[in-house]
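K.L.:
Sequence plus predicted model, see below.
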Amino acid sequence: MTVALLVGFATATLAPGIHLVARRWTGAVLAVVPAALFVYFMSLLGPVTAGATLSEQHAWSPRLMLQLSLRVDGLSLLFVLLITGIGALVTLYAGRYLEGHPHLGRFFLFFFTFMASMLGLVLSDNLLALFIFWELTSLSSYLLIGFDHTRETSRAAALQGLLVTVGGGQALLLGFLLLGAATGTFEISQLSGLSAREHPLYPGMLLLVLAGAFTKSAQFPFHFWLPGAMAAPTPVSAYLHSATMVKAGVYLLARLSPVLGGTALWGTSLSLVGAITMLLGALLALGERDLKRVLAYATVCVLGTLTFLLGMGTPAALHAAGVFLLAHALYKGALFLSAGSIDHATGTRDLSLLGGLRRAMPVTATAVGLSALSMAGLTPAFGFIAKELVYEAALQEGPATWLATVASALTFMPLVAVAAMLALQPFLGPSRELPHAPHEAPAGMWLGPLVLSALGLVLGAQPALVGGLLARASPGLEPSELAPLKLWHGLTPALGLSVLSLAGGVGLFLLRDRIRAFLARLRLGRWGPERAYTWGLGAMLQVAGFQTRLLQSGYLRRYLLVTILTIGGLTAYALVARSGVRLRLELSDVEVHEAVLGGLMVLAALAAANSRSRLASVAAMGVVGFGVALVFLFFGAPDLALTQSIVEALTVVVFLLALFNLPHYQELSSRSTRARDLLISLAFGAVMTGLVLMVTQNQLYPPISDYFLENSVPAAHGRNVVNVILVDFRALDTLGEITVLAISALGVAALLKLGHGREAGR
Amino acid sequence: MTSLIFNAVVRALQPLLLLFSVLLLLSGHHEPGGGFTGGLVAASAFALHAAANDPASARRALHIPLTKLIGVGLLCGIASGLVGTVTGKTFLTSVWLKVGAGGLGSLELGTPLLFDLGVYLVVLGVTLTFILSLAEK
């Protein structure tokens, strides 16, 4: 398993190189990798169906309780097979779809990073590792959505997806940390639902985790980023929607349902959000004309249904969720890829422009037709089985049966209508005038849709092929509780509902133009959550601009003021609030020469502040500096004294150089600002004095200087302890410091050169 | 500010300061000094040169471009750390070598000296970059 993960990431890094060699065969070559992974994971199907789980553990950062623990059970195997299987087909497709694109290698770099992150996400048994992969999928999908980075809309959509999913990711991390704190472990397989649900922090951790899952899976009110993500190249959309990214939230909910589920809060929030999402998605799908956006909203609808089913939490509902997820992945993958082919061949994705493509694109038409069967839930497609299970689960649910039933019926009707729109409108009717003369997609592009849609049919006829796996796909569910999947259930109420939704769907399809006109008049975008997002983004930028102007004013004195106030204030707060120790001021052991030196330094500081001549100020500051050097000398630090005096001497040199370039002394501060500065500096001085007194009087830890004194000569062959610390005991620190120095020197040189250039340019 | 007296003093002072800086570098392990102070003293020698003549002449007197100096210094620091890894210890573990110097007793050479030399070069290069960039403005 670890090897599989590493292979995924390695393929990502090698992809640009492979593209240079394989050129137009890149897609076909790279598709071998996910295909091989698919075959490998298929070999685990037998044991997992029989109830086995396989796990591997690698220490990552044990002190943070971060383990790379990978685990395969029914749920993760279902996802892994989808990710690698559909991944292989999409890779093949993308190689053709983006053929000749100058950045195809880069595309596959992002794509395989995404695929490997997704694999890591569903295989991780450790919550922290899962979170890392979770964020990696957000980042790589950002790169994929914004792949066409010269287009403003692509970049905006990518940023939107990133902000929404990463914002949710932060909530998710907090939720995970609370969960780990409550249960004492981050290993999902060791989490006990009891201790988590009864913990006082349970509502908090649940809501945080839900925020993460809902943003990722585009649940209401976060559904708006998903259609925006359509800016991505079509293969990416197909992959995001069918197999991966957006299902990650559903995966997480399913994965954690034994731990966090089963409470009223879980049930209510999931059912409510899921129901709103599925109805809204269905409605919005009907209102669109762009093929990809129709499909995107249909995905939102299905994601809502899955969340709704997980919220119900009955065995029948959990099972239905697994089956529906697989059915949706198959038909949505095929439909998206076909939409890409149509776009590729005709130059448009507008449903109202398309028509009569059945002769020009027979294979694509077949694939879309078969997938639409599944989407509409018509027998004998796999989607029919899934829909029947959803209805059965809804009918079984106790107190809110009617609600669940009505909601799911209301969802499937629009889905039927959408399926009819997709399957009929582009292909039937007379041939239309299109931007390009339509032609059938190349084999690499129709293979994927055809395989996926045919699978939908095969599994409908032979559901036993996946029945075992799907029965294992809900954690905490025993396969013996479930009836085996089959196409014909007899004359059940569920079948009645199917007929009803079919009839309703046909009705909606016939009324589609009126519905679209009605929805267009509502103009949902004007007051929807997307509006809130736009407003929030604008507000954030304004705050950023405001505080940048406030803090980064370009005036050195303002920077100093802010720095001193911050450090002084925080230190003072810590001293007052945290220290229970009283300060003693012992003046009895002060020697005469020390007192004289101190007085001299105070006088020099006053003179520096009071002087009207720059040169005099510099000289006075020099007195303070050399005074500090003398203090070092008096208290037994000759090394520091030496360094301090050399630095002082150099400072004078630098001042000399700078003085010549400065304008004449000007009155820059009024009397009140000077009074303010005086107060601030006095307060800061008092805080620092208090800090020094505290530090010298209260020994919190045994000093480490004894260790250095004892080991300096035997271990480091040096009698100058300061230098030995610098070059031996703490050499890594010093190495870091000189590196920082070097970088800052380059920066200074570059900045001053830039200044020169500007002046020369004027 | 070309002053004859200043010029003459600096001409006499510069070699002394450079000598002093090397002394600081070498004796730093046992006595006050070390790469940092040594580098600063050397930098002040060249800064005085720049003040007495002009920055370009100081750069010429140095013979090596400052960025190169900084780079070499960093490499010295890293190299001294790598010596330890060759002998199988962790990065930056010091290695010492005792060299007999005839009748004069013995001489101890260690990677910390190389490391200190790196610090010396970086500090010299960085300080001079600051000062000369300012002076050239």
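P.N.:
That came in fine, so what should we check first?
K.L.:
Same question for stretch B:6-19: list its buried residues.
P.N.:
By 16 or more other CB atoms under 10 Å in any protein chain shown, the buried positions in stretch B:6-19 come out as B:10, B:13-14, B:17. Placement of C-beta: from N, CA and C, glycine included.
K.L.:
got a list of contacts for it?
P.N.:
Residues from elsewhere that reach stretch B:6-19 (CB atoms under 8 Å, 6 or more residues apart in numbering or on different chains): B:41-42, B:44-46, B:48-49, B:51-53.
K.L.:
what two of those are the furthest from one another?
P.N.:
Using CB to CB, the contacts of stretch B:6-19 span at most 19.2 Å, a distance reached by B:41 and B:53.
K.L.:
Quick one: residues contacting residue A:235.
P.N.:
A:90, A:93-94, A:97-98, A:111, A:337, A:340.
K.L.:
before we move on, the earlier item: tell me which of residue B:41 and residue B:53 has more neighbours.
P.N.:
In this view residue B:41 and residue B:53 are compared by other CB atoms under 10 Å in any protein chain shown, and residue B:41 has more residues nearby, 26 against 16.
K.L.:
The strand or helix carrying the more buried one close to chain A?
P.N.:
Element membership of residue B:41 [criterion: DSSP states H and E] is helix B:35-52. Yes. Using CB under 8 Å from any CB of the partner chain, we find that helix B:35-52 touches chain A at B:35-37, B:40-41, B:43-44, B:47-48, B:51.
K.L.:
Name the member of the residues you listed with the most neighbours.
P.N.:
When neighbours are counted by other CB under 10 Å, residue B:35 leads the residues of helix B:35-52 next to chain A with 31 neighbours.
K.L.:
one step back: out of the contacts of stretch B:6-19, the closest to residue A:476 would be?
P.N.:
residue B:42 (72.0 Å).
K.L.:
the strands in the chain, which residues?
P.N.:
Since you didn't name a chain, this refers to chain A. For chain A, the strands defined by DSSP state E cover A:54-61, A:66-72.
K.L.:
should've been chain B
P.N.:
Secondary structure of chain B (DSSP E): strands located at B:96-100, B:106-110.
K.L.:
hey, where'd the helices end up in chain B?
P.N.:
B:4-27, B:35-52, B:55-62, B:66-86, B:111-136 (DSSP state H).
K.L.:
want to try TSV for those helices, with mean pLDDT as columns?
P.N.:
Formatted as TSV, the helices of chain B follow (pLDDT from 0 to 100):
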stretch	mean pLDDT
helix B:4-27	90
helix B:35-52	90
helix B:55-62	88
helix B:66-86	90
helix B:111-136	89
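K.L.:
Which among these is found nearest to residue A:568?
P.N.:
Closest among those, using CB to CB: helix B:111-136, at 28.0 Å.
K.L.:
who does the closest one touch, helix- and strand-wise?
P.N.:
Here helix B:111-136 touches helix A:638-659, helix A:731-761, helix B:4-27, helix B:35-52, helix B:55-62, helix B:66-86, going by 3 or more CB pairs under 8 Å, 6 or more residues apart in numbering or on different chains; DSSP states H and E.
K.L.:
that older thread, redo the strands of chain B as a markdown table? Include mean pLDDT.
P.N.:
Compiled in a markdown table, the strands of chain B are given as follows (pLDDT from 0 to 100):
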| stretch | mean pLDDT |
| --- | --- |
| strand B:96-100 | 74 |
| strand B:106-110 | 73 |
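K.L.:
Would you mind finding the most buried of those strands?
P.N.:
Burial of those is given as mean neighbour count (mean count of other CB atoms under 10 Å in any protein chain shown); strand B:106-110 ranks first at a mean of 13.
K.L.:
Could you list the low-pLDDT ranges of the stretch 151-300 of chain A?
P.N.:
For the stretch 151-300 of chain A, residues meeting the criterion pLDDT under 70 lie at A:192-194, A:242-245.
K.L.:
residues contacting whatever residue of it ends up closest to chain B?
P.N.:
As assessed by CB to the nearest CB, chain B sits closest to residue A:186 within the stretch 151-300 of chain A, at 29.9 Å. With contact taken as CB under 8 Å, 6+ apart, residue A:186 is in contact with A:65-67, A:126-128, A:176, A:180.
K.L.:
Just give the nearest non-adjacent residue to residue B:52, would you?
P.N.:
Distance criterion CB to CB, 6 or more residues apart in numbering or on different chains; nearest residue to residue B:52, sequence neighbours excluded, is residue B:10 at 4.0 Å.
K.L.:
how much space between that neighbour and residue B:44?
P.N.:
According to CB to CB, to the nearest Å, residue B:10 stands 11 Å off from residue B:44.
K.L.:
who are the neighbours in contact with the closest residue to residue A:370 other than its chain neighbours?
P.N.:
Spatial nearest neighbour of residue A:370, chain neighbours left out: residue A:453 (3.7 Å); criterion: CB to CB, 6+ apart. Counting by CB under 8 Å, 6+ apart, residue A:453 touches A:330-331, A:334, A:366-371, A:374.
K.L.:
Could you list the buried residues of stretch A:51-64?
P.N.:
residue A:53.
K.L.:
CA-only coordinates of it in PDB, if you can.
P.N.:
Taking Å, rounded to 0.1, in the frame of the first residue of the first chain, the C-alpha atoms of stretch A:51-64 are listed here in PDB:
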ATOM      1  CA  GLY A  51     -14.100  -9.400   6.000                       C
ATOM      2  CA  ALA A  52     -10.400  -9.000   6.300                       C
ATOM      3  CA  THR A  53      -8.700  -5.600   6.700                       C
ATOM      4  CA  LEU A  54      -5.100  -5.000   5.800                       C
ATOM      5  CA  SER A  55      -2.900  -2.400   7.500                       C
ATOM      6  CA  GLU A  56       0.600  -1.100   7.300                       C
ATOM      7  CA  GLN A  57       2.200   1.300   9.800                       C
ATOM      8  CA  HIS A  58       5.200   3.600   9.400                       C
ATOM      9  CA  ALA A  59       6.400   6.100  12.000                       C
ATOM     10  CA  TRP A  60       6.200   9.600  10.600                       C
ATOM     11  CA  SER A  61       6.400  11.900  13.600                       C
ATOM     12  CA  PRO A  62       5.600   9.700  16.500                       C
ATOM     13  CA  ARG A  63       5.900  12.500  19.100                       C
ATOM     14  CA  LEU A  64       3.100  14.300  17.400                       C
END
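K.L.:
ok, and what's touching that stretch?
P.N.:
A:1-2, A:44, A:47-48, A:66-73, A:125, A:128-129, A:189, A:472, A:479.
K.L.:
ditto for stretch A:26-46
P.N.:
The list of residues contacting stretch A:26-46 from outside it, by CB under 8 Å, 6+ apart, reads A:4, A:7-8, A:11, A:15, A:18-19, A:22, A:54, A:72, A:77, A:80-81, A:83-85, A:87-89, A:91-96, A:99, A:104-105, A:108, A:112, A:115, A:119, A:444, A:469.
K.L.:
show me the residues around residue A:263 that make contact.
P.N.:
Per CB under 8 Å, 6+ apart, neighbours of residue A:263: A:197, A:202, A:206.
K.L.:
how close does residue A:530 get to residue A:222?
P.N.:
Residue A:530 is 10 Å from residue A:222, by CB to CB.
K.L.:
Please apply the same query to residue B:46.
P.N.:
Distance from residue B:46 to residue A:222, by CB to CB: 62 Å.
K.L.:
Just the pLDDT for the residue of chain A most remote from its centre.
P.N.:
Largest separation from the mean C-alpha position in chain A: residue A:592, at 64.2 Å (CA atoms, centre = their mean). In this model, residue A:592 is scored at 88, pLDDT.
K.L.:
Could you check how far stretch A:231-244 is from the centre of its chain?
P.N.:
Per CA atoms, centre = their mean, to the nearest Å, the displacement of stretch A:231-244 from the mean C-alpha position of its chain is 17 Å.
K.L.:
Export only the CA atoms of it, formatted as CSV.
P.N.:
Taking Å, rounded to 0.1, in the frame of the first residue of the first chain, the C-alpha atoms of stretch A:231-244 are listed here in CSV:
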residue,chain,number,x,y,z
ALA,A,231,-13.2,26.2,-15.2
ALA,A,232,-10.9,23.2,-15.0
PRO,A,233,-10.2,21.2,-18.1
THR,A,234,-13.0,18.7,-18.6
PRO,A,235,-11.0,15.5,-17.7
VAL,A,236,-10.3,17.1,-14.3
SER,A,237,-14.0,17.9,-13.9
ALA,A,238,-14.9,14.3,-14.7
TYR,A,239,-12.3,13.1,-12.2
LEU,A,240,-13.3,15.5,-9.4
HIS,A,241,-16.9,14.8,-9.8
SER,A,242,-17.0,11.1,-10.4
ALA,A,243,-14.3,9.6,-8.2
THR,A,244,-12.5,11.9,-6.0
